[in-house]
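J.: Dropping a prediction and its sequence here:
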Amino acid sequence: MCRWLAYSGDPLQISRVVLDTKHSLVAQSLNSPLGAETVNGDGFGLGWYGPSRDPGDAPAVFHSIEPAWHDENLRELAQAVESQLFFAHVRAAAGPPIQQTNCHPFRYGRWLFMHNGAIAGFAAMKRELLLEVAPEFFLGIRGTTDSELVFHLALTHGLMDEPIEAMARTLRRIEEAGRAHGVTAAVQGTFAVTDGATVWAFRYSSAHRSRTLFHSEDIDVLRAMYPDFERLRVFGTRARLIVSEPLNDLPGAFIEVPESTAVVVTPDGAYEHQPFLTPA
């Protein structure tokens, strides 16, 4: 339903990956070879953290319902802002209306969240799940998407303390609600969440046929493989990307994340993989 990327590492001009690569996120918004939808033109969003990594600092967000390839404000902003951690998302609406409050990433305090995929049977279970959102998070729901509800359910289930466990509890609860309404495979997608220091990403679907997800290879490894590839020089040694699909055709630059896996990018730039909701 969408395409997204998450960047963590040395401060980077946002346009370097959102605009400037061969298969940049903006290019994917117009033509996404690996996506379920070729065109993702129903709005976009950016969320980024400033130079401070103070845990109390909230990220900035920018949302628009314009197609990403058509919006001059996106180009101005992406070329002007550098950030050590940012999320970017292009949307293909699958029911909920095209409006700014339905554009990802979603924010709560210092946390950002985004999703590519859908909750099958969402209309039937929406009221039931909304009523399970804790009162302290409920007023943060401003739009009408399944993705935003997933975020606030995860907050309710302890996202700020145990992100991986909270996401697991949330998706299992959605699957349970789906079965009660005759939906056997309710969850589809890839998810990303950050507190401004660590990034957690998840590839999971109830049918175990999830949307694609990749992460970048270590920059030092790529520089050794391609010493004459000029573009690698714009990235610092801690640069890490998690993406819906690769941003270039360079062999080995991006590694596919296995089905039913959680990927963590730690503040020092290390990748950690662990099984996530694997089939019994």
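T.: On my side now, so go ahead.

J.: which element is the residue sitting furthest away from the middle of the chain on?
T.: The centre of the chain is farthest from one residue, Asp228, which by CA atoms, centre = their mean lies 31.2 Å away. Assigned by DSSP states H and E, Asp228 falls within no helix or strand.

J.: how close does it sit to Thr144?
T.: Per CB to CB, to the nearest Å, Asp228 is found 49 Å from Thr144. The C-beta positions use only the backbone N, C-alpha and C, and glycine is treated the same way.

J.: For Pro163, give me its contacts.
T.: Ala154, Val193, Thr198, Trp200 (CB atoms under 8 Å, 6 or more residues apart in numbering).

J.: Show the end-to-end separation of stretch 132-149, please.
T.: 10 Å (CA to CA, to the nearest Å).

J.: centre of the chain versus it, how much separation?
T.: Stretch 132-149 sits 18 Å away from the centroid of its parent chain (CA atoms, centre = their mean, to the nearest Å).

J.: ok, back up a step: what pLDDT does the residue farthest from the centre of the chain get?
T.: On the pLDDT scale, Asp228 is placed at 92.

J.: picking that back up, biggest separation within the contacts of Pro163, which pair?
T.: Ala154 and Thr198 (15.0 Å; CB to CB).

J.: which of those two has more neighbours?
T.: Taking other CB atoms under 10 Å, Ala154 and Thr198 do not tie; Ala154 has more neighbours (26 against 16).

J.: can I assume the more buried one sits in a helix?
T.: Yes - judged by DSSP: H, G, I helix; E, B strand; the rest coil, Ala154 forms part of a helix.

J.: That one and Val193 touch, don't they?
T.: Yes - using CB atoms under 8 Å, Ala154 makes contact with Val193 at a distance of 7.4 Å.

J.: what residues are shared contacts of those two?
T.: Phe113, Pro163, Met167.

J.: Among the residues you listed, which ones are in helices?
T.: Counting by DSSP state H, the part of the shared contacts of Ala154 and Val193 found in helices is Pro163, Met167.

J.: export the shared contacts of Ala154 and Val193 to JSON lines and tack on pLDDT?
T.: As requested, the shared contacts of Ala154 and Val193 are arranged in JSON lines below (pLDDT from 0 to 100):
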{"residue": "Phe113", "pLDDT": "98"}
{"residue": "Pro163", "pLDDT": "98"}
{"residue": "Met167", "pLDDT": "98"}
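
J.: which one of the shared contacts of Ala154 and Val193 is nearest Arg209?
T.: Met167 (18.7 Å).

J.: Please list all residues in contact with that closest one.
T.: Per CB under 8 Å, 6+ apart, neighbours of Met167: Ala154, Leu159, Phe191, Val193, Trp200, Phe202, Ala262, Phe276.
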